[in-house]
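> 3D model of this:
(one chain, ligands or ions: 2)
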Amino acid sequence: MTTAQTTPPTVPASARKTALSVNINKVALLRNTRHLDIPNVTRAAELCLEAGAQGITVHPRPDERHIRPDDVYELAALMKDWPHCEFNIEGNPFHNLMDFERNLSARGLPLHQCTFVPDSAEQFTSDHGWSFPDDAKRLKPLIEQVHARGVRVSLFMDPIPEAMVAAKAVGADRVEFYTESYARAWSGPQKNKVLSSFVEAARAAAAINLGVNAGHDLNRDNLSEFLRAVPGVLEVSIGHALIADALELGYAATVKDYLRCINEAFTPA
Ligand SMILES: CC(=O)[C@@H](O)[C@H](O)COP(=O)(O)O
Ligand SMILES: NCC(=O)COP(=O)(O)O
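Ligands and ions are numbered 1, 2, ... in the order given. Here you go, the predicted structure:
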């Protein structure tokens, strides 16, 4: 029995409150502009966890523009002190992601979730999900390898209802909805139309017991409305806007305000 296939949750996904996983890529980006280890990435993660974040996410890109290999292993060591919180690593499994997953397992360091993202090595930022059926055959064995080491697999996906069955068929435990289209539409007339695609995709995922995460360009303005509308989101991973907010408010106050936004979505209107 792997972690990925552990006993189903006692609380139905639709009733569970969404977990906040803080992506700390941008702390590393700032750190990398000097040779001083300021700001310290691990300390940033610790402060976010102390403030109530339920997880930490990193996306160690091949060009090491922000998160570097040492950050991954130091953060995993930190997570040993936070057994009820999760460590999520994002990346392209055909680049460097599998090496991190294998090495963490070999070193006995915690890793709870791998999020497969189809980014090219030099991509500016993540901007699309996996394509089915094109990607199915090559993804399936990698998902099996990660499962064999007891780690959950989430596939970064656009909110396409028909694609949920294909994601489940290749063995994914969850999908992570790429939410940039929602963030871009949030202040305009297309918001509800765009939001409905996420609602339909979430319903399609729930119908086949496929978990739903979400992330990219979520912030304190758009988060509550998304979670109130889209059923059963288990985890949001938020980095860019949250770290920008923390430059103004500090990590602790910022994390608590994002948790407030999440709680607001689960509070009857
Ligand atoms: C997969 C995704 O949408 C983001 O988590 C991604 O990690 C952002 O990467 P950058 O922080 O390099 O823009
Ligand atoms: N998977 C999304 C993530 O980890 C952070 O995305 P963003 O908030 O930095 O856009």
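> Where does pLDDT dip in the stretch 1-150 of the chain?
Residues of the stretch 1-150 of the chain that meet the criterion pLDDT under 70 lie in 1-15.
> those strands in it, which residues are they?
Ranges of strands in the stretch 1-150 of the chain, per DSSP state E, counting those that start in this stretch, are 19-23, 55-58, 86-91, 113-116.
> out of those, nearest to Arg220?
The minimum distance between Arg220 and the strands of the stretch 1-150 of the chain falls on strand 19-23, with 11.7 Å, by CB to CB. Where you see a C-beta, it was placed from the backbone N, CA and C, and this is true even at glycine.
> quick one: strands adjacent to the closest one?
Strand pairing for strand 19-23, determined by DSSP bridges: strand 55-58 (parallel), strand 233-238 (parallel).
> who touches the residue positioned nearest the centre of the chain in this structure?
Centroid-nearest residue in the chain, with CA atoms, centre = their mean: Ser237, separated by 4.0 Å. Contacts for Ser237 were tallied using CB atoms under 8 Å, 6 or more residues apart in numbering; they are Ser21, Val22, Asn23, Gly55, Thr57, Asn88, Glu90, Thr115, Glu176, Asn213, Ala214, Gly215.
> which other residues reach stretch 83-90?
By CB under 8 Å, 6+ apart, stretch 83-90 touches 19, 21, 23, 49, 53-60, 72, 75-76, 79, 97, 100-101, 110-117, 126, 154, 156, 235, 237.
> ditto for stretch 158-168
128-130, 132-133, 136, 155, 157, 175, 177-178, 181, 197-198, 200-205, 208-210.
> Can you list which of those are found in strands?
Members of the contacts of stretch 158-168 lying in strands (criterion: DSSP state E): Leu155, Met157, Val175, Phe177, Tyr178.
> what's the distance between the residue nearest to the second one when sequence neighbours are not counted and Ile160?
Leaving out its chain neighbours, the residue that sits closest to Met157 by CB to CB, 6 or more residues apart in numbering is Gly129, at 3.8 Å. Summarising the geometry, the distance separating Gly129 from Ile160, computed by CB to CB, to the nearest Å, is 8 Å.
> who has more neighbours, those two?
Using other CB atoms under 10 Å as the criterion, Gly129 and Ile160 rank with Gly129 on top: 22 against 18.
> Spit out the contact partners of the more buried one.
Counting by CB under 8 Å, 6+ apart, Gly129 makes contact with Pro118, Leu155, Phe156, Met157, Asp158, Ala163, Val175, Tyr178.
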